[in-house]
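Visitor: Turn this into a model:
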Amino acid sequence: MFGAVPVNVAGGSGFKMNNLSADIKMMADIRDGDVVMQVDGLSVQDLMSNPIKLMSYSTATSLPVTVMRNGRQETIYVNAASLSAKMLPTFGLKP
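Guide: You can find the predicted model right below:
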């Protein structure tokens, strides 16, 4: 469905996305090669250290996500509720 590799970029760190499924690309406006830097203003490192906070976003319908795309920082808005409904069952979790 997708792969995420930790990387350092632009004075920070994030997760470089690759091998994204067509569903993920469509629902999240994430592209192969994007580096997710922040979610709702929090660094991905902070979110990874706090899984409860990460799960709290599963119902958001317009979640701001900061990505590095083609060398520029951009904010995209993700429908996390739809994305969670699609992804969580693949991990054996209920949305």
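Visitor: can you give me the helices for the chain?
Guide: Along the chain, the segments classed as helices by DSSP state H run 22-28, 44-48, 51-56, 80-87.
Visitor: What helices and strands are in contact with the last one?
Guide: Using 3 or more Cβ pairs under 8 Å, 6 or more residues apart in numbering; DSSP states H and E as the contact test, the elements touching helix 80-87 are helix 22-28. Backbone N, C-alpha and C define where each C-beta goes, glycine included.
Visitor: what's the offset of the helix it packs on from the middle of its chain?
Guide: Counting by Cα atoms, centre = their mean, to the nearest Å, helix 22-28 is centred 11 Å from the centre of its parent chain.
Visitor: out of the helices of the chain, which comes closest to residue 10?
Guide: helix 44-48 (13.2 Å; Cβ to Cβ).
Visitor: buried ones in that closest one?
Guide: Buried positions in helix 44-48, judged by neighbour count with 16 or more other Cβ atoms under 10 Å: 44, 47.
Visitor: now could you export just the CA positions of it as PDB?
Guide: Backbone C-alpha positions of helix 44-48 (Å, rounded to 0.1, in the frame of the first residue of the first chain) are rendered in PDB as follows:
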ATOM      1  CA  VAL A  44       6.500  13.500  12.600                       C
ATOM      2  CA  GLN A  45       9.000  12.600  15.300                       C
ATOM      3  CA  ASP A  46       6.700  14.000  18.000                       C
ATOM      4  CA  LEU A  47       3.700  12.100  16.500                       C
ATOM      5  CA  MET A  48       5.600   8.800  16.300                       C
END
